[in-house]
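Engineer: Fold the following, please.
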Amino acid sequence: MEDVGKELNRIIRSRGVDGRYRQMMEEVLADPDVRQFIEEHKEKLTQEDIEKSFAKLYEFVQEKKKFLASDPTMIAPGYEPQLSLNFHFIDVTYVPTDELLRLKREEEIRNRVNSLDMPKDIRKASIRTFEVTSGRSEALEASLDFINQYEGSPKSFHKALYLVGTFGVGKTYLLGAVAHELAVKGFETTLLHFPTFAGEMKQAISNDKVGPKLNEVKRAPILMIDDIGADSMSAWIRDEVLGVILQHRMQEELPTFFSSNFNMDELEEHLSVTQRGDEEPLKAKRIMERIRYLSKEIFVIGENRRNG
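Structural biologist: Next up, the predicted model:
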């Protein structure tokens, strides 16, 4: 490094520069990373090459300070500045840090989960944090089986899960955890809270957005319908919204999950009576035929985890 030091000193002395510029050059050429880079490439760099590259060397030193201080004003936040050689010209490249790559991957995963009116904690759900108890183990095993089978053959038809259990036993959390795990593996999922979605569909009539909203849901690669049966449905929501979604997904054999406080037989009875009190058992049976085709019933048993 002595030879490099002498050469750098000669560069500074050889230029007729004012005090401020000389100070800047001394600071840049005293930087250990700059000195090491020039030493490593001394066979390819002339004094003139180094002088012509001074602006880039200065940029590197300043941006390195900001990077080490986590200064958000740096040129490329999250990217580490590094020196590179480009045809006898020293340049600065910005390399993403491991932390930035991790954050980008997490963002990509989050973007694969389309959450419609779902709680924030569900968006962060994970299989790894799903507490296993005797009453919840069957649901977890069935979920893992689905994930493995779907990953192995995503174009084949796979029956999804109809999770049934009382309020607060973890049905919705498990749906979110499965969606997250599928997202990690590169698959897109849409989760929706059905009672809220039904209300939005009624409002969509006035601004002529029923078709687009319905298409977005019915065509989702993987769909999770949460809390089906929580509210009484109008005949229109049951037949022209839920029925249309399920018919399309059955025809296209698209994976469709459900969660409900009702088991399948109870849901059929629930759907047979409209908000107006009309009894329509055949229409309810038609809906349930599609649900049974798309999913298998799994009971989730446990204490209400939302208490306390």
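Engineer: Relative to D239, how far out is D278?
Structural biologist: 12 Å (CB to CB, to the nearest Å). Where C-beta positions appear, they are placed from N, C-alpha and C, glycine not excepted.
Engineer: I301 now?
Structural biologist: Noted for I301: a distance of 32 Å to D239, by CB to CB.
Engineer: Check which helix or strand the closest residue to I147 other than its chain neighbours maps to.
Structural biologist: Excluding the flanking residues, the one nearest I147 by CB to CB, 6 or more residues apart in numbering is E181, at 5.4 Å. Assigned by DSSP states H and E, E181 belongs to helix 171-184.
Engineer: Show me what that helix is packed up against.
Structural biologist: helix 98-111, strand 113-116, helix 120-123, helix 137-152, strand 160-164, strand 189-193, strand 223-226, strand 256-260 (3 or more CB pairs under 8 Å, 6 or more residues apart in numbering; DSSP states H and E).
Engineer: Generate CSV for those, with mean pLDDT and distance to L175 as supplementary columns.
Structural biologist: Converted to CSV, the helices and strands packed on helix 171-184 look like this (pLDDT from 0 to 100; distance: least, CB to CB, whole Å):
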stretch, mean pLDDT, distance to L175
helix 98-111, 75, 16
strand 113-116, 77, 10
helix 120-123, 73, 7
helix 137-152, 94, 9
strand 160-164, 96, 7
strand 189-193, 92, 6
strand 223-226, 95, 5
strand 256-260, 96, 6
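Engineer: Deepest-packed of these, please.
Structural biologist: strand 223-226 (a mean of 27; mean count of other CB atoms under 10 Å).
Engineer: by contact count, what packs against that one?
Structural biologist: Using 3+ CB pairs under 8 Å, 6+ apart, strand 223-226 sits against helix 171-184, strand 189-193, strand 256-260.
Engineer: would you turn these into JSON lines with distance to E59?
Structural biologist: Output for these, formatted as JSON lines (distance: least, CB to CB, whole Å):
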{"stretch": "helix 171-184", "distance to E59": "38"}
{"stretch": "strand 189-193", "distance to E59": "43"}
{"stretch": "strand 256-260", "distance to E59": "52"}
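Engineer: Select, out of those, the one closest to L45.
Structural biologist: L45 lies closest to helix 171-184 among these, at 45.6 Å (CB to CB).
Engineer: Give me the contacts around that closest one.
Structural biologist: 109-110, 112-113, 118-119, 121-127, 129-130, 136, 139-140, 143, 146-147, 150, 163-165, 189, 191, 222, 224, 226-227, 257, 259-260, 300 (CB atoms under 8 Å, 6 or more residues apart in numbering).
Engineer: Likewise for stretch 68-76?
Structural biologist: Stretch 68-76 is contacted from outside by 59, 63, 65-67, 81, 94, using CB under 8 Å, 6+ apart.
Engineer: can we see that at 6 Å?
Structural biologist: Contacts to stretch 68-76, defined as CB atoms under 6 Å, 6 or more residues apart in numbering, come from residues 63, 66-67, 94.
Engineer: could you give me the average pLDDT of it?
Structural biologist: The average pLDDT within stretch 68-76 is 89.
Engineer: and it, how far from the chain's centre?
Structural biologist: The chain centroid and the centroid of stretch 68-76 are separated by 26 Å, computed with CA atoms, centre = their mean, to the nearest Å.
Engineer: same check, this time on stretch 66-76
Structural biologist: 26 Å.
Engineer: For it, measure first residue to last.
Structural biologist: From its first residue to its last, stretch 66-76 covers 10 Å (CA to CA, to the nearest Å).
Engineer: Would you indicate which residues of it are buried?
Structural biologist: 66-67, 74, 76 (16 or more other CB atoms under 10 Å).
Engineer: Quick check, central residue of the protein?
Structural biologist: R110 (1.3 Å; CA atoms, centre = their mean).
Engineer: How much space separates that one from G176?
Structural biologist: From R110 to G176 the distance is 12 Å (CB to CB).
Engineer: Break this structure into its domains for me.
Structural biologist: What the record gives for the chain is the domain set 2-96, 104-299, from automatic domain parsing.
Engineer: Please identify the most buried of those domains.
Structural biologist: For these, where neighbours mean mean count of other CB under 10 Å, the stretch averaging the most is domain 104-299, with a mean of 17.
Engineer: Wasn't M118 part of a helix?
Structural biologist: No: read with DSSP: H, G, I helix; E, B strand; the rest coil, M118 is coil and lies in no helix.
Engineer: Now it. Nearest residue, chain neighbours left out?
Structural biologist: L191 (5.2 Å).
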